[in-house]
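Undergrad: Only the shape, not the letters, is given here:
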């Protein structure tokens with residue numbers, strides 16, 4: 001792990017690395033945290049991915065789809081970095097990681113009332129159903145299980161359309 005960090009530091013001397021219990025990029029402190037106990041190839045891929053976030057100067061996101069876009073960009077950069085440092089990241093691993101975000105978005109988007117799939121409304125934690133007009137709130141954390149809590153906000157009346165044949 002340290003050998004890869006040294007290679008990265010040589011190419012990107014401004015990057016700051018800190019040992020921790022997991023891999024992540026902190027835009028608040030401009031640090032790449034890495035699990036110093038992990039020593040397998042997946043750990044190296046994770047380090048390269050978090051370095052991708054840092055090199056691309058990723059900050060916070062407002063919408064779920066922005067997060068997926070940032071993750072995809074970081075993986076693309078990680079593949080470039082891997083090539084630069086004589087590594088290769090398994091594409092299936094990348095897609096498995098991206099699937100966790102896709103699944104997270106999907107679970108958050110399910111209306112707790114009618115189970116329609118919806119999009120965010122306004123900010124990172126609010127959703128509104130296009131079908132039944134239920135509004136709900138979800139956790140802003142991408143690391144926790146999806147819980148949906150309906151809000152006590154009056155909904156607009158349902159509009160019925162008559163379909164003519």
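TA: Ah, there it is. Remember, it's a predicted structure, so these values are computed and weren't measured experimentally.

Undergrad: does the spatially most central residue of the chain belong to a helix or a strand, and which?
TA: Nearest to the mean C-alpha position of the chain, counting by C-alpha atoms, centre = their mean, stands residue 67 at 4.3 Å. Following DSSP states H and E, one finds residue 67 within helix 64-84.

Undergrad: The closest residue to residue 59 other than its chain neighbours: how many residues sit nearby?
TA: Leaving aside its sequence neighbours, residue 59 sits nearest to residue 27 (C-beta to C-beta, 6 or more residues apart in numbering; 4.7 Å). Glycine gets a C-beta too; all of them are placed from N, C-alpha and C. Using other C-beta atoms under 10 Å, residue 27 has 12 other residues around it.

Undergrad: Run through the strands of the chain in chain order.
TA: 16-20, 24-26, 31-35, 126-128, 135-138, 148-150 (DSSP state E).

Undergrad: now those strands in CSV, with mean pLDDT, distance to residue 100 and mean neighbour count?
TA: Below are these laid out as CSV (pLDDT from 0 to 100; distance: least, C-beta to C-beta, whole Å; neighbours: other C-beta atoms under 10 Å):
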stretch, mean pLDDT, distance to residue 100, mean neighbour count
strand 16-20, 96, 20, 14
strand 24-26, 96, 14, 18
strand 31-35, 97, 17, 20
strand 126-128, 91, 20, 19
strand 135-138, 90, 16, 19
strand 148-150, 48, 18, 14
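
Undergrad: Same list, those strands, but as JSON lines with distance to residue 62 please.
TA: What follows is the strands of the chain, written out as JSON lines (distance: least, C-beta to C-beta, whole Å):
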{"stretch": "strand 16-20", "distance to residue 62": "26"}
{"stretch": "strand 24-26", "distance to residue 62": "17"}
{"stretch": "strand 31-35", "distance to residue 62": "22"}
{"stretch": "strand 126-128", "distance to residue 62": "11"}
{"stretch": "strand 135-138", "distance to residue 62": "14"}
{"stretch": "strand 148-150", "distance to residue 62": "19"}
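
Undergrad: Please parse this protein into its domains.
TA: 2-107, 113-165 (automatic domain parsing).

Undergrad: Tell me which of the ones you listed is the most buried.
TA: Burial of the domains of the chain is given as mean neighbour count (mean count of other C-beta atoms under 10 Å); domain 2-107 ranks first at a mean of 16.

Undergrad: just how off-centre is that domain within its chain?
TA: Put simply, domain 2-107 sits 11 Å off its chain's centre (C-alpha atoms, centre = their mean, to the nearest Å).
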